[in-house]
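Enquirer: Sequence first, predicted coordinates after that:
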Amino acid sequence: MKGKRSRAHENDRDTKLKSRGAGAGKRKAKAAKDPNKPKRPPSAFFVFMEEFRQLFKRENPNNKSVAAVGKAAGEKWKSMSDAEKAPYVARAESRKNDYSNSMKAYNKKLAEGDNGVEENESDKSKSEVKDEDEDGTEQEDEHDD
């Protein structure tokens, strides 16, 4: 009997493994993304891709494959020298600086507590407010009689 496992033990182990599968544990809900937050700047390669896509589309008008464009751009990028990449790197750095300035302003606005919502608005939807106005006018009509 030494060294042998019982069937009950094997079944118990299988159950534990299954319960640890994807989605089995509790997951934290993702925080909602702020639509006002500045988008991250593209890298030098993606700045190059913006230009390359147009060129590739002109040279290959029948090609509809996104993968083919990406593959051709990657090969072209790898074959380029640092001097040829320099203008794209410079544009990427410029966009990165713009992004950092935008993020500073965005974070400052968040720190001040301004989240873009006007303070005059209430929690009620516009339809609820409209319904109240209609009810209020009806009541005034009844009191005028």
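Expert: Right, received. Where do you want to start?

Enquirer: When you work out contacts or count neighbours from here on, use the C-alpha atoms and nothing else.
Expert: Fine.

Enquirer: Which residue is the nearest non-sequential neighbour of residue 77?
Expert: Nearest non-adjacent residue to residue 77, counting by CA to CA, 6 or more residues apart in numbering: residue 45, 7.3 Å away.

Enquirer: Distance-wise, check that neighbour relative to residue 110.
Expert: Using CA to CA, to the nearest Å, residue 45 is found at 32 Å from residue 110.

Enquirer: Those two: which has the busier surroundings?
Expert: residue 45 (17 against 12; other CA atoms under 10 Å).

Enquirer: Quick check, that one in contact with residue 88.
Expert: Yes. Applying CA atoms under 8 Å as the test, residue 45 and residue 88 come out as touching, 7.3 Å apart.

Enquirer: got a list of contacts for whichever strand or helix holds residue 58?
Expert: Using DSSP states H and E, the element containing residue 58 is helix 44-59. Outside of helix 44-59, the residues within contact range by CA atoms under 8 Å, 6 or more residues apart in numbering are 63, 69, 73, 77, 85, 88-92.

Enquirer: got the buried residues for that helix?
Expert: Neighbour-count burial for helix 44-59 flags 44-45, 47-49, 52-53, 56 (criterion: 16 or more other CA atoms under 10 Å).

Enquirer: end to end, how far does stretch 31-43 reach?
Expert: First-to-last residue span, stretch 31-43, CA to CA: 26 Å.

Enquirer: what comes into contact with that stretch?
Expert: 89, 92, 95-96, 99, 102-103, 106.

Enquirer: how about these in TSV, adding secondary structure?
Expert: As requested, the contacts of stretch 31-43 are exported to TSV (DSSP: H, G, I helix; E, B strand; the rest coil):
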residue	secondary structure
89	helix
92	helix
95	helix
96	helix
99	helix
102	helix
103	helix
106	helix
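
Enquirer: List only buried entries from the residues you listed.
Expert: By neighbour count, with 16+ other CA under 10 Å, these hold 89, 92, 95-96, 99, 103, 106 as buried.

Enquirer: ok, which stretches of this protein are helices?
Expert: For the chain, the helices defined by DSSP state H occupy 7-19, 44-59, 66-79, 82-112, 126-144.

Enquirer: and the fourth one, what does it pack onto?
Expert: I take that to be helix 82-112. Helix 82-112 sits against helix 44-59, with contacts defined as 3 or more CA pairs under 8 Å, 6 or more residues apart in numbering; DSSP states H and E.
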